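J.: here is my input; please provide its structure:
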Amino acid sequence: MAWKGLADRALKTVSPFSRLAIFLGTEMRKALCYSVVLMCLLNTLAAAEGECDPVQIRVSTTPVIEQSPGRLKRAIDVRKVQGPNPDLLLVGDSLVQQWQPHVSRDFPGRAVHNFGVGGDKTQEVLWRLRNMKPKVSPREIVVLIGTNNLADKSATPCGVSGGIEAVVEEIGYQWPEAFTFVVQLLPRGEHFEFRSQERREVNNYLAKRFAGSGTAAFVEVDEGKISCSWNSRNCSMFRPDLLHLQADGYGILRQALRQTSIELFDKDRLNPALTQKN
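T.: Alright, predicted model coming up:
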């Protein structure tokens, strides 16, 4: 565009030191905006849960580059968009990454982009959203993140909640026209009891936080079904590690997403062909 060409030529006439000052000024404004968001998160969580250690929030909401070369390579790969412009975006960790073989079954007729990287915590997803955002224009976004934060036993529920909330806030900033479905933290581990009390606290907070949001919704999963009635010894929903899902487990997630969408919009937004309540 004409104005862009004028701006580029004008910038070339500025001294290197002035360009540096402009760059630093821009970065400082970004840092200031991030600080404001962080303070809002702290205040919200403090009001909701008494008081949250600021260190917990700082860890889960400070963007961090992928912490292994393999994961960074994966992050670079999932930034690339193949085929037509996706209108459905999946964001998260290995639970999202491993959804890929079942995407055509669970989201028929949708152009889906899988933005999942195994091992990610909320802080790494935040880094990818800011530094490796895929060029997509989704109408809906599904978020499934936080189980790796919970795996760190020093992480408190309010810290994990704050990280997930920050991811949803960042998604809203990057794609303001999209609606976000925030899937709950799933049960995991022997007897599906790994940090079960802390996990429920996170889910309870998120359910309240996104109730009536208008731009995002909490997706509650039938834990009795997905845990095979809490039978971890012979559950077809999970892989032997009792963390990652098999095809039937992803089917339960899809049912939960559909039910949430129908309750909110009287139709399944993730599958436009299904427009009536069942």
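
J.: list the contacts for residue 134?
T.: 78, 79, 80, 81, 89, 113, 115 (CB atoms under 8 Å, 6 or more residues apart in numbering). To be clear about C-beta, it is placed using only N, CA and C from the backbone, and glycine gets the same treatment.

J.: let's see it at 7 Å
T.: 79, 81, 113, 115 (CB atoms under 7 Å, 6 or more residues apart in numbering).

J.: ok, the closest residue to the last one other than its chain neighbours to residue 143 distance?
T.: Residue nearest to residue 115 in three dimensions, not counting chain neighbours: residue 91, with 4.9 Å by CB to CB, 6 or more residues apart in numbering. Applying CB to CB, to the nearest Å, the value for residue 91 to residue 143 is 5 Å.

J.: the more surrounded of these two?
T.: Using other CB atoms under 10 Å, the more surrounded residue of residue 91 and residue 143 is residue 91, with 28 against 23.

J.: which element is that one on?
T.: Under the criterion of DSSP states H and E, residue 91 resides in strand 88-92.

J.: ok, of the contacts of residue 134, which come out buried?
T.: Among these, those classed as buried by 16 or more other CB atoms under 10 Å are 113, 115.

J.: of the contacts of residue 134, closest to residue 258?
T.: The closest of these to residue 258 turns out to be residue 113 (CB to CB; 19.8 Å).

J.: pretty sure the closest one contacts residue 136?
T.: Yes: between residue 113 and residue 136 a contact is recorded at 5.3 Å, counting by CB atoms under 7 Å.

J.: give me the common contacts of the two.
T.: 81, 86, 89.

J.: helices or strands up against the strand holding residue 91?
T.: Packing partners of strand 88-92 (3 or more CB pairs under 7 Å, 6 or more residues apart in numbering; DSSP states H and E): strand 112-116, strand 140-144.

J.: for residue 129, which of these is the nearest?
T.: Among the helices and strands packed on strand 88-92, the nearest to residue 129 by CB to CB is strand 112-116 (8.6 Å).

J.: contacts for the closest one, please.
T.: Residues contacting strand 112-116 (CB under 7 Å, 6+ apart): 78, 81, 86, 88-94, 96-97, 99-100, 103, 134, 136.

J.: quick one, which of these are buried?
T.: If we count by 16+ other CB under 10 Å, the contacts of strand 112-116 have these buried: 78, 86, 88-94, 96-97, 99, 103, 134, 136.

J.: in the stretch 101-250 of the chain, where is pLDDT below threshold?
T.: Of all residues in the stretch 101-250 of the chain, none has pLDDT under 70.

J.: how about the helices of it, start to end?
T.: For the stretch 101-250 of the chain, helices defined by DSSP state H, counting those that start in this stretch occupy the ranges 103-106, 122-131, 147-151, 157-174, 196-210, 223-226, 247-265.
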